[in-house]
Structure formats: structure tokens, C-alpha cells
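Asks: Give me a 3D structure for the following:
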Amino acid sequence: MARSQLTSKRKASGGIKVSARSKRKQELAGYQANTKLSDKIKAKIKRVLGGNNKNKILSTNQINVTDKKGKTQKTEILNVIENAANPHLVRRNIITKGAVVETKLGKARVTSRPGQEGSINGKLL
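Replies: Below is the predicted model of the structure:
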């Protein structure tokens, strides 16, 4: 069954809302990118609504890290340490927004969405 990004069909009281229409193609959710930590850099371009493109990163080991002074530099990711969204993603070395990764400059929290933005940006902790 297709995963939809529509609002819930249930009211706050638990009753059922009657939908005025069915699902639309543009409301269907896509597959997760599940960006892995790897030496090979792989990306995929996906066409989205309005003829725009989204760059999905499938695997990489590079991150743009910003320190507290505002200086940004590209560095290498060594390991995925923590992920508040799902602890099981840490074991599989999958990078998502909010994940804490270990870099050559120190620990950094990922602030970008690698599956939608095409790059991994982070902030030093």
C-alpha cells in the first residue's frame, strides 16, 4: 500500500472524518534515502513536483562543519555516534538530520537533510 502524507482520517475525539477526495500522486511519500557512511560517494537525482530536482546522497564520508565562530570547513566523518530519531540507525552507520557524528575536528550534529538537500552540513558540539 502506498504511504501518503495526508492528514489523519481520525478526529481528536476518535471519530472518522469523511474524506472529500482520494489520494493524489504528489501526496505520496517517497522511499527513504538512508544515507550510509562509506568511502564511495553515491548520489541520485529525483524529479519532484513542479519539475524541480532533489539530490539524494546515498553514501558519503564528508561533512561541512561549522564551529562556534562561524568558520566552515569540509572534513571526513569517522563514525556515527548517536541518533535520537532511531538508535538502530547508529549500528547501520546511517546519517540523518540530528545524528551526532565523529569527525576529525570533533563531534558534530548534522543540521541538513542528506536525503533531500544533496550535502551534509553540521555544527561542532
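Asks: Quick check: phi and psi on the residue sitting furthest away from the middle of the chain?
Replies: Centroid-distance maximum for the chain: residue 15 at 33.4 Å, with C-alpha atoms, centre = their mean. Torsion angles at residue 15 (phi, psi; degrees, to the nearest 10) stand at phi -70, psi 170.
Asks: show me what contacts residue 80?
Replies: Applying C-beta atoms under 8 Å, 6 or more residues apart in numbering to residue 80 gives the contacts 37, 89, 90, 93, 94, 95, 99, 100, 101, 102. All C-beta spots, glycine's among them, are computed from the backbone N, C-alpha and C.
Asks: Could you rerun that using 7 Å?
Replies: Applying C-beta atoms under 7 Å, 6 or more residues apart in numbering to residue 80 gives the contacts 37, 90, 93, 95, 99, 101.
Asks: Quick check: ChimeraX command selecting the buried ones in those residues.
Replies: Buried members of the contacts of residue 80, defined by 16 or more other C-beta atoms under 10 Å, are picked up in ChimeraX with:
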select :37,93,95,99,101
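Asks: Which ones among the contacts of residue 80 lie within helices?
Replies: Cross-referencing the contacts of residue 80 against helices under DSSP state H gives residue 90.
Asks: Distance to residue 84 for the contacts of residue 80 - can I get that in JSON lines?
Replies: Below are these laid out as JSON lines (distance: C-beta to C-beta, whole Å):
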{"residue": "37", "distance to residue 84": "17"}
{"residue": "90", "distance to residue 84": "10"}
{"residue": "93", "distance to residue 84": "16"}
{"residue": "95", "distance to residue 84": "13"}
{"residue": "99", "distance to residue 84": "8"}
{"residue": "101", "distance to residue 84": "13"}
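Asks: Let's have the contacts of residue 80 in a markdown table, adding distance to residue 53 and pLDDT.
Replies: Shown next, in a markdown table, are those (distance: C-beta to C-beta, whole Å; pLDDT from 0 to 100):
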| residue | distance to residue 53 | pLDDT |
| --- | --- | --- |
| 37 | 24 | 95 |
| 90 | 30 | 96 |
| 93 | 27 | 95 |
| 95 | 21 | 96 |
| 99 | 24 | 96 |
| 101 | 26 | 97 |
